[in-house]
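*Asks:* return a 3D structure for these sequence lines:
(one chain, ligands or ions: 1)
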Amino acid sequence: MADYIPELARANPDHFGIVLATADGRIYAVGDTDVPFTIQSISKPFSYGLALKLLGREQVQRKVGVEPSGEAFNAISLDPQTGIPRNPMINAGAIATTAQISHAIGADAERLLLEFFSDLANRPLSIDQAVYRSECESGHRNRAISHLLRNAQVIETDPEQGLDLYFRQCAISITCRDLAVMAATLACQGSNPLSGDHILEPEIVTRMLALMGTCGMYDYAGHWLYDVGMPAKSGVAGGVLAVVPGRLGIATYSPRLDAYGNSSRGIAVCEEISQRLGLHLYNQNPGLTTPIRRSSNATFQQSRRLRNTQEESQLAEQGGQVRILHAQGVIDFADCELLLAEIQRLSNKARVLLLDLVQVTEVQPLCWPLLATQFELLRQRGIPLVLSRCQHLPLDPALTPYPRYSSFDEALEAAENLLLGGALHSNPEAGDQPSWTHVLKDVDPELIEPMMRLRRLEPGEAVIERGQAGDSLFIAQSGLYSTTVDLQELDGQFRATRMATFAPGMCFGEIAFISGLPRSADVICTTGGFCWELLREDFDQLRLHHPQAAIQLLLALANDLGAKLGRTNVQLSLMEQL
Ligand code: GLU
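*Replies:* I've put the predicted structure just below:
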């Protein structure tokens, strides 16, 4: 164990703890994970990060470099070329860094530093006064370094002041668990996965990790990167902190050190974890994720806007030209490139593109301009884009001109409309003939005509209300009629969901009419229009006096229902593949 700081020699050499903290905040701990020890050199990358945050890169780099050094961590020397310490992971660089913080902040520096470390660990931390005093009294070498820095104008004020803050920083008392949370915060680009607090900017964390990668493990750093392949930092009290960027933080505590000054068991544990879990930074699987959850087209997925025969056959024939992409995950550059390639590939056959983003949790800012460029190219080629379910994403302004819908069904309807008629919204005109002549074409018109009443509806007016007796049947003459029910969605919330939209010529309300059960949903005329109504009492008269015609009418309704049910079955079966 380290004994050049006398107090460190009092640790229990058998203590041994391992903690893994994942990027989404789960913690796996085994052994002595709550035993306090001092952070020592593991504080160095963090105080460097704090200096970058407070003072900016330019000012910090004027006083300390970023090159690995071939010398011992506690060498009393500076880079002969630059006259400043080679990097912030050796003592000279760390003291220069902390002195800058001390100089800039003054009397408040210790409190600020402690708060910063506490935020990283998600727990109020304190300084182990015994270890601090012990190093203060025995740290002649560091005192020499500090004065050397003063002499070289790297430190421009009292060299004792910065040194004192450095000793305090090294004596911050932490546990193995704290260290793992700090490591996970670095794995999450500076956001603490437990508190959710954003503590450091990603650019700063990137720099900290880079220095840990090249200089974090004393003179074993090259070997470590070769075998373990993670940015890491160790301290003489026996802690090791390692980071798998984007995935997890690892911490070990075991006070016995090897010849390099690294925790012997810590090194062995990290080597084994890296190998067994395949975590080496330079051993990344190229095909881990795909941004495309499903790619389909409008012959397979159709909106709940029911279509007339002509539109239906056009969709069956040309629906393949409405290309539907369901994207997913966190879209970073690699995913974005795959997405763009897929859009490019599809665009040769597409007349309309629908991009559904409900399963996308994040689009990294650098991807927006790439997407915007691709969409602009589509626009120039006359391929319209419809966006679906992107309300949870901070959409880039370049994408706001594209039509977007908060429901996939509506987006799909808009895409179908674009294919069918070239416009997003279609409000079909009534034909010259009364529309019932189409649905009820096999029923004697002489008998039916006197029974059909034309009703006029305002936009938004209910034709059918849930719970009413089903004592009439309707056929749309003009306008659109939508039926919705409140469905519980995955988030537990109930939302009005469209079951179907009926257009002119289509029959609705026939289910309750036939079954005699109360209405199960509302039907609203969304556009305003006219529809034909047939009352049960008239139908009963028809049954009585013209049973043959009544049978024909029921057969016509059965046919219509059968066609609707057939369509629904196909859609349901296709949904299982989603
Ligand atoms: N406070 C110790 C020193 O400066 C830290 C050393 C270390 O952990 O590498 O000597």
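*Asks:* now do the phi/psi pair for residue 573.
*Replies:* phi -60, psi -40 (degrees, to the nearest 10).
*Asks:* local confidence estimate at the residue in the stretch 401-550 of the chain positioned nearest to the ligand?
*Replies:* Among the residues of the stretch 401-550 of the chain, residue 491 lies closest to the ligand, at 48.1 Å counting by CB to the nearest ligand atom. No exception for glycine: its C-beta is placed from N, CA and C like everyone else's. As predicted, residue 491 sits at a pLDDT of 80.
*Asks:* can I assume it sits in a strand?
*Replies:* No - according to DSSP: H, G, I helix; E, B strand; the rest coil, residue 491 belongs to no strand; its state is coil.
*Asks:* quick one, what contacts it?
*Replies:* For residue 491, no contacting residues are found, by CB atoms under 8 Å, 6 or more residues apart in numbering.
*Asks:* SS state for residue 438?
*Replies:* Of the three states, residue 438 takes helix under three-state DSSP.
*Asks:* confidence score at the nearest residue to it once chain neighbours are set aside?
*Replies:* Once flanking residues are discounted, residue 438 sits nearest to residue 505: 5.1 Å by CB to CB, 6 or more residues apart in numbering. pLDDT, residue 505: 88.
*Asks:* please report the distance of residue 505 from residue 542.
*Replies:* 22 Å (CB to CB, to the nearest Å).
*Asks:* please apply the same query to residue 238.
*Replies:* From residue 238 across to residue 542, the span is 93 Å (CB to CB).
*Asks:* so for the two, which sits in the more crowded spot?
*Replies:* A count of neighbours by other CB atoms under 10 Å puts residue 238 above the other of residue 238 and residue 542, at 29 against 21.
*Asks:* quick one, what contacts the residue lying closest to that one once chain neighbours are set aside?
*Replies:* Closest residue to residue 238 apart from its sequence neighbours, by CB to CB, 6+ apart: residue 255 at 3.5 Å. Neighbouring residues of residue 255 by CB under 8 Å, 6+ apart: 1-2, 8, 11-13, 15, 37, 237-238, 263.
*Asks:* can you map out the strands along the stretch 201-350 of the chain?
*Replies:* Using DSSP state E, counting those that start in this stretch, the strands of the stretch 201-350 of the chain run over 232-234, 239-244, 248-253, 292-297, 322-331.
*Asks:* right, so of those strands, which gets closest to the ligand?
*Replies:* Closest among the strands of the stretch 201-350 of the chain, using CB to the nearest ligand atom: strand 232-234, at 7.3 Å.
*Asks:* give me the contacts around that closest one.
*Replies:* In contact with strand 232-234 (CB under 8 Å, 6+ apart) are residues 41-42, 44-45, 89, 212-213, 216-218, 224, 240-243, 261-263, 266, 270.
*Asks:* up against the ligand, what does the stretch 1-150 of the chain have?
*Replies:* When proximity is defined by CB under 6 Å from any ligand atom, the stretch 1-150 of the chain lies next to the ligand at 40-41, 73-74, 91, 135, 142.
*Asks:* ok now the lowest-mean-pLDDT helix or strand in the chain, how far from the chain's centre?
*Replies:* When the helices and strands of the chain are scored by mean pLDDT, DSSP states H and E, helix 436-439 comes last with a mean of 82. Centroid separation between helix 436-439 and its chain, computed with CA atoms, centre = their mean, to the nearest Å, is 51 Å.
*Asks:* over to stretch 387-397?
*Replies:* Centre-to-centre, stretch 387-397 and its host chain are 13 Å apart (CA atoms, centre = their mean).
*Asks:* span of it from start to end?
*Replies:* Using CA to CA, to the nearest Å, the end-to-end distance of stretch 387-397 comes to 14 Å.
*Asks:* show the pLDDT at residue 523.
*Replies:* On the pLDDT scale, residue 523 gets 95.
*Asks:* contacts only, for it.
*Replies:* Counted by CB under 8 Å, 6+ apart, residue 523 has contacts 462-464, 474, 481-483, 502, 508-509.
*Asks:* those: which two are farthest apart?
*Replies:* Using CB to CB, the contacts of residue 523 reach their maximum pairwise distance at 462 and 502, which is 13.9 Å.
*Asks:* the two: which is more packed in?
*Replies:* residue 502 (23 against 12).
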